[in-house]
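> With the input below, show me the fold.
(2 chains)
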Amino acid sequence: MPPRRQPPPASGPWGPRPAVLLLAPLLLLTQQGVAAAPVGAEGPEDSPGLQDAEFPSGLLQQAARAALHFFNFRAGSPSALRVLAAVLEGRATVNPKKGCQVDLVFTTDHYNPEVGEEHLGKCSARVFFRNQKPRPAINVTCTRLIEKNKRQEEDYLLYKHMKQLKTPLDVTSIPDSHGHIDPSLRPIWDLAFLGSSYVMWEKTTQFLHYYMAQISSVNQWKTNDDTIDFDYTVLLHEFSTQEIIPCRIHLGWYPGKPLKVKYHCQELQTPEEASGTEEGSAVAPTELNNF
Amino acid sequence: MKWILFFGALIGLSVCGREKFFGDQVFRINVRNGDEISKLSQLVNSDNLKLNVWKSPSTFSRPVDVLVPSVSLQPVKSFLKSQGLEYSVTIKDLQIYREMDSIAGDFPELATRVKIGHSFENRPMYVLKFSTAEGRQRRPAVWLNAGIHSREWISQATAIWTARKIASDYGKDPAITTILEKMDIFLLPVANPDGYVYTQTQNRLWRKTRSVNPGSPCIGADPNRNWNASFAGEGASDNPCSEIYHGPHANSEVEVKSVVDFIQEHGNFKCFIDLHSYSQLLMYPYGYTVKKAPDADELDEVARRAARALASLSGTTYQVGPTCTTVYPASGSSVDWAYDHDIKYAFTFELRDTGHYGFLLPANQIIPTAEETWLGLKTIMEHVRDNLY
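Sure thing, here's the model as predicted:
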């Protein structure tokens, strides 16, 4: 798989130093897929004492990732997943009492490396991290890359393919220990990633960010005429703590319809769970997280 | 018979393109009667699975030892389970140590396998020493460290590929030839053997050592937070259950202590490179502080050149910078320890990828990764060769 190309950072290891956000390019962007997460009662604009202060290195990248997870979830399309290419510009304002707001512009690439040409997309986003609390508030707009109908077509092809898979799925981990994903199971990985995007968005903070490491078990896979019902356990890798977090996710998907997700992650560290893959008792989702 | 075809087909495709996978295991299978012997024979004779009988049964009461390549582990286990055949796994992780031995055997004038210590679970710690020095000369040396975090499989894989590359290219490639004429290279492909075996047999995502923490149910310490460089500072945890637990004290992990003792006893190392994954970063000290290292400018320049050389092969881009601000604060790390002990050219590689597969990098990326990394490593070693102090 060809490695993702990233333009070398303008300065510093984490991309350009924050610059004043230019509004003009924003207005030129096509209004596709405007997504917004509920903002807290008071935005940073309401509070006095705003300052351009020191912020943790990599904050712009954090914000970009959070925005992309949220965007992918809202787009609800396993065939149109996007991944971060590079942060172009960004600015952060910190309110020590409330959190920090990041405005940024970044480019994106296809998630699935098999797709031939590089088709860079562009997004602008406003991300508000509430002081180390999860569920950053996000407003993100991205250039339209695939026409809506075409995207739905591809999703529908995926859906048909998934309907043909023999159940119960005879798999344990995806990928296996050697990183191999059987091509027939690739759509499952993409759908799992879509569900995980919801979880990863909610859990991302200024300091914590996640990657989906492995699907450790498929608990249930049901394809009805109007939904795919997918219950699975995924291992998320949190980068700054290096922890592996098992999350039980239950999603419902149908092309064109909003994704429904319920999840429960094992947060507390107990013996042998510190590094995940504790194949264990099914953790029943205790909260309905979907909105 | 249907069973064999089914399981054989499962891995037939992957075996065809077989590269050097690690994690081959020896299964000791109990056969209690003629029926079981015949089932087992069918399994062994199946071409697809590439099984190798080490000890055949002469009577029913003696077990059969069968070498199972790592790609066949899953289908063989499933088969044995479905047939009710009892088995246990005896020898684990043969491949890397056998390959090291093979390199030393193929290039006896250049390479020797040296035992520098043992792990918590008493596995040997082997380095390959590459030297063209005569007699007991203690030339300036380079230390290549890999596999300290066991789940970062691309690290051990890159290291063992590099070992054979060093040996094969000596005398042919002017760069490595002149490097070896001035310096010795020590390569430790598996700095955390217990963790590595654990990732193959129990938990693919295990990171730490497998030492016991008294009073805690959690196992292991992070061997890259255990070095005596701002030990227990920022960017490590004092909780034994944490993935970045620093351990009860510096060098508490015998795997770390073995390397420290060896390097200190040698006394003439000039370069220390630690291979990790993932993120595609090439970093230099410090991890334990944001303060600039005295040689940061030079190290930065070397690292940028190395990253450019690496990228020249397939376009893989690496970001360059000091550890603390490039990835995160980390205290007690190997590279910081090396730097603070007069080993100026100290670098950390975070190899492929940037998160898509993460630790589970597909096997078909091993050789491309090793080949591009080799260009980066050579750039660094050439600089060391030309700037010995």
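
> What's the nearest residue in the stretch 151-300 of chain B when you look at chain A?
Scanning the stretch 151-300 of chain B for the residue nearest chain A gives B:P217, at 3.6 Å (criterion: CB to the nearest CB). Yep, even glycine has a C-beta here, placed from its N, CA and C like the rest.

> A helix includes that residue, no?
No. Counting by DSSP: H, G, I helix; E, B strand; the rest coil, B:P217 is not part of a helix but coil.

> who touches A:Y232 in this structure?
A:192, A:195, A:215, A:217-220, A:248-249 (CB atoms under 8 Å, 6 or more residues apart in numbering or on different chains).

> Same question for A:D155.
A:D155 touches A:77-80, A:255-256, counting by CB under 8 Å, 6+ apart.

> Now do the SS call for A:H119.
coil.

> before we move on, what about the one 10 residues further on?
On the three-state scheme (three-state DSSP), A:F129 is labelled strand.

> what helix or strand is residue 144 on?
In the absence of a named chain, this looks at chain A. Per DSSP states H and E, A:R144 falls between elements, in no helix or strand.

> looking at chain B here, not the other one
Assigned by DSSP H and E, B:L144 falls in strand B:141-146.

> name the helices or strands packed onto that strand?
helix B:153-169, strand B:184-188, helix B:254-266, strand B:269-277, helix B:366-386 (3 or more CB pairs under 8 Å, 6 or more residues apart in numbering or on different chains; DSSP states H and E).

> what separates the residue of the stretch 51-200 of chain A found nearest chain B from B:M183, distance-wise?
Of all residues in the stretch 51-200 of chain A, A:G179 sits closest to chain B, at 3.7 Å by CB to the nearest CB. If you measure A:G179 against B:M183 using CB to CB, to the nearest Å, the figure is 35 Å.

> my read is the residue of the stretch 51-200 of chain A closest to chain B is in a strand, agree?
No. Per three-state DSSP, A:G179 lies outside any strand segment and is coil.

> which residues sit in contact with it?
Per CB under 8 Å, 6+ apart, neighbours of A:G179: B:357, B:360-363, B:365.

> Got the phi and psi for it?
Dihedral pair for A:G179: phi 80, psi 10, per degrees, to the nearest 10.

> Burial check on B:Q264, number of neighbours?
Counted with other CB atoms under 10 Å in any protein chain shown, the neighbours of B:Q264 add up to 10.

> State the number of residues packed around the closest residue to the residue of the stretch 51-200 of chain A closest to chain B other than its chain neighbours.
The spatially closest residue to A:G179, leaving aside those adjacent along the chain, is B:P362, at 3.7 Å (CB to CB, 6 or more residues apart in numbering or on different chains). Applying other CB under 10 Å, we find 18 residues neighbouring B:P362.

> related to what we said a few turns ago, and the gap between the residue of the stretch 151-300 of chain B closest to chain A and B:E253?
In terms of CB to CB, B:P217 sits 19 Å off from B:E253.

> Give me the buried positions along stretch B:232-241.
Neighbour counts over stretch B:232-241 (16 or more other CB atoms under 10 Å in any protein chain shown) mark B:232-233, B:235-237, B:240-241 as buried.

> Stretch B:294-302 too?
Counting neighbours by 16+ other CB under 10 Å, stretch B:294-302 gives B:296, B:299-300, B:302 as buried.

> Ok, stretch A:158-176 next?
A:158-159, A:162, A:165, A:171, A:173-176.

> Show me which of these has the smallest pLDDT value.
The member of the buried residues of stretch A:158-176 with the lowest pLDDT is A:V171, at 79.

> mind checking how far it is from A:S184?
A:V171 sits 10 Å away from A:S184 when distances are taken as CB to CB.

> The residue nearest to B:E181 when sequence neighbours are not counted - how many residues pack around it?
Distances taken as CB to CB, 6+ apart place B:T132 nearest to B:E181, at 6.0 Å, with adjacent residues excluded. Neighbour count for B:T132, taken as other CB under 10 Å: 17.

> now do B:H341
17.

> gap between it and chain A?
25 Å (CB to the nearest CB, to the nearest Å).

> contacting residues for that residue?
B:263-264.

> Would you mind measuring from it to B:G235?
The value you get for B:H341 to B:G235, if CB to CB is used, is 20 Å.

> and what of A:N131?
Computed with CB to CB, the distance linking A:N131 and B:G235 is 21 Å.

> quick one, phi psi at the residue sitting nearest the centre point of chain A?
Compute the mean C-alpha point of chain A, and by CA atoms, centre = their mean the closest residue is A:H69, 2.2 Å away. Main-chain torsions, A:H69, degrees, to the nearest 10: phi -60, psi -50.

> so it touches A:K203, yeah?
No. Assessed by CB atoms under 8 Å, A:H69 is found out of contact with A:K203, at 9.1 Å.

> ok, which stretches of chain A are strands?
A:32-36, A:82-95, A:99-110, A:121-130, A:137-142, A:210-223, A:228-238, A:244-253, A:260-265 (DSSP state E).
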